[in-house]
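**Student:** curious how this folds, go ahead:
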Amino acid sequence: MPPTPLSSHDRDEIHHALTTNPDASWADIGRQIKRHPTTIMREVDANGGRPKYRPAAADKYATFCRRCHRGCGHAS
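**Tutor:** Below you'll find the model as predicted:
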């Protein structure tokens, strides 16, 4: 069974964790939202990194990528 995609609520929680503590580890954020730390790291890196991460833009990009048949490199 494939893992479920991050929800917009998950992305909001990631953003909140990054703004509350910019030095929070991926593991700390992952524990907060019950996701693997690598999932958090890939999500943030694919969407501008720690200083530029915006949950609405990340959610829009993920929706676009899920609709692509050939993929767009989001998880690369």
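**Student:** which residues touch the closest residue to Arg11 other than its chain neighbours?
**Tutor:** Nearest residue to Arg11 in three dimensions, chain neighbours excluded: Pro55, at 3.7 Å (C-beta to C-beta, 6 or more residues apart in numbering). (Each C-beta comes from the backbone N, C-alpha and C, glycine too.) For Pro55, the contact set (C-beta atoms under 8 Å, 6 or more residues apart in numbering) comprises Ser8, Arg11, Asp12, Ile14, His15.
**Student:** neighbours of the first one, just the number please.
**Tutor:** Pointing back at Ser8 there. Neighbours of Ser8 under the rule other C-beta atoms under 10 Å: 14.
**Student:** from Ser7, how far out is the residue nearest to it when sequence neighbours are not counted?
**Tutor:** Excluding its sequence neighbours, the residue lying closest to Ser8 (C-beta to C-beta, 6+ apart) is Asp59, at 4.8 Å. Using C-beta to C-beta, to the nearest Å, Asp59 is found at 8 Å from Ser7.
**Student:** so what's the residue most central in space within the chain up against?
**Tutor:** Per C-alpha atoms, centre = their mean, the C-alpha nearest to the average position across the chain is that of Glu43, at 3.1 Å. Contact partners of Glu43, counting by C-beta under 8 Å, 6+ apart, are Leu6, Arg11, Ile14, Ala58.
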